[in-house]
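Chemist: model the structure of this input:
(one chain, ligands or ions: 1)
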Amino acid sequence: MHRREGPAATCLASVLKKPRPASLCAFTPQARLRHAFYNYVTSYSLKGSFENLEAIRNAGVKCPLLCKEFVIDAWQIYYARIKGADAILLIAAVLPDLDIRYMVKICKMLGLAALVEVHGEREMDRVLCIEGIELIGINNRNLVTFEVDISNTKKLLEGERGQLIRQKDIIVVGESGLFTPDHVAYVQEAGVKAVLVGESIVKQSDPGKGIAALFGKDISV
Ligand SMILES: O=P(O)(O)OC[C@@H](O)[C@@H](O)c1c[nH]c2ccccc12
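Modeler: A predicted model of the protein is given here:
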């Protein structure tokens, strides 16, 4: 994660890309989506992403690491911690409120930050009723259709929701579809304090250049 000084500081988290299951788009009802995610976790992640976390940590990388995984079971949180994670992604689309509540508590106990991800208004409202949430990620990508619309961030931070988020002192992370300094400025103006970026950085041969292009300047420390 790279941090920038100043009141409008934006924290950047980037991702390592893994293959997505091609069939995921076909699973629309939530139960099947959950099942598809489960398959994804068992068939891809156990072989890859947790080990990637460990490899990155062992390579001497000091910055905080987010385990961006389809967490559906508590053991994944403990496992990620063992592999060197500092933060965990909890996706509201695949987790009932009770699980989120329970997992957020586990994260606190383990000293992990929980980034709770929402996409729509209903998910945001659900999550705002759960105590102890300090970080909310707004995913601009619809996980069923994979459509991306960065105005989603603005929509979810408007009016009473935005007010409640500020009252609760929740840090909001803008996720997905961010490619230019204008995009970053747009979500920042909407109220996000951090961004989660994949494609625009991982598709560059030099990630440093990708980051500089995204922010319009070098923000590395
Ligand atoms: O590559 P992008 O558009 O910059 O997106 C990064 C990240 O937000 C995205 O990979 C992501 C965030 N949460 C997710 C949940 C499932 C799949 C993907 C995601």
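Chemist: centre of the chain to stretch 97-109, how far?
Modeler: Relative to the chain's own centre, stretch 97-109 is displaced by 16 Å; criterion: C-alpha atoms, centre = their mean, to the nearest Å.
Chemist: need the residues that contact that stretch.
Modeler: When contacts are defined by C-beta atoms under 8 Å, 6 or more residues apart in numbering, stretch 97-109 is touched by residues 71-72, 74, 77-78, 88, 90, 92, 95, 113-114, 116, 126-127, 129-133. To be clear about C-beta, it is placed using only N, CA and C from the backbone, and glycine gets the same treatment.
Chemist: now a PyMOL select for only the buried ones of the residues you listed.
Modeler: Listed next is the PyMOL selection for buried residues among the contacts of stretch 97-109, using 16 or more other C-beta atoms under 10 Å:
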select buried, resi 71+72+77+88+90+92+95+113+114+116+126+127+133
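Chemist: let's see which of the contacts of stretch 97-109 end up in strands.
Modeler: When DSSP state E is applied, those are split such that I88, L90, A113, A114, V116 fall in strands.
Chemist: the last one pairs with what?
Modeler: To tie it back to what came earlier, the one meant is V116. Under DSSP bridges, the beta-bridge partners of V116 are L90, I136.
Chemist: what's the span of stretch 201-209, first residue to last?
Modeler: By C-alpha to C-alpha, to the nearest Å, the extent of stretch 201-209 from end to end equals 8 Å.
Chemist: what do you get for stretch 197-217?
Modeler: Distance between the two ends of stretch 197-217: 16 Å, counting by C-alpha to C-alpha.
Chemist: go through that stretch and flag the buried ones.
Modeler: Within stretch 197-217, the residues that count as buried by 16+ other C-beta under 10 Å are V197, G198, E199, S200, I201, G210, I211, A212, A213, L214, F215.
Chemist: which parts of this structure are helices?
Modeler: For the chain, the helices defined by DSSP state H occupy 30-40, 49-58, 74-82, 97-110, 121-128, 151-157, 159-167, 181-190, 199-202, 207-215.
Chemist: quick check: the residue of the chain nearest the ligand.
Modeler: In the chain, the residue that lies nearest the ligand is G198 (2.7 Å; C-beta to the nearest ligand atom).
Chemist: excluding covalently adjacent residues, which one is nearest to K68?
Modeler: Excluding the flanking residues, the one nearest K68 by C-beta to C-beta, 6 or more residues apart in numbering is L89, at 4.8 Å.
Chemist: pLDDT-wise, which helix or strand of the protein ranks last?
Modeler: Within the chain, no helix or strand scores below helix 30-40, which has a mean of 42 by mean pLDDT, DSSP states H and E.
Chemist: show me which residues of the chain are close to the ligand?
Modeler: Residues of the chain lying near the ligand by C-beta under 6 Å from any ligand atom: 15, 91, 117, 139, 143, 175-178, 196-200.
Chemist: hmm, which two among the residues you listed are most spread apart?
Modeler: Spatial extent of the residues of the chain next to the ligand (C-beta to C-beta) is set by the pair I91 and S200 at 21.3 Å.
Chemist: how about R81, what does it touch?
Modeler: Contact analysis of R81 by C-beta under 8 Å, 6+ apart lists L110, L112.
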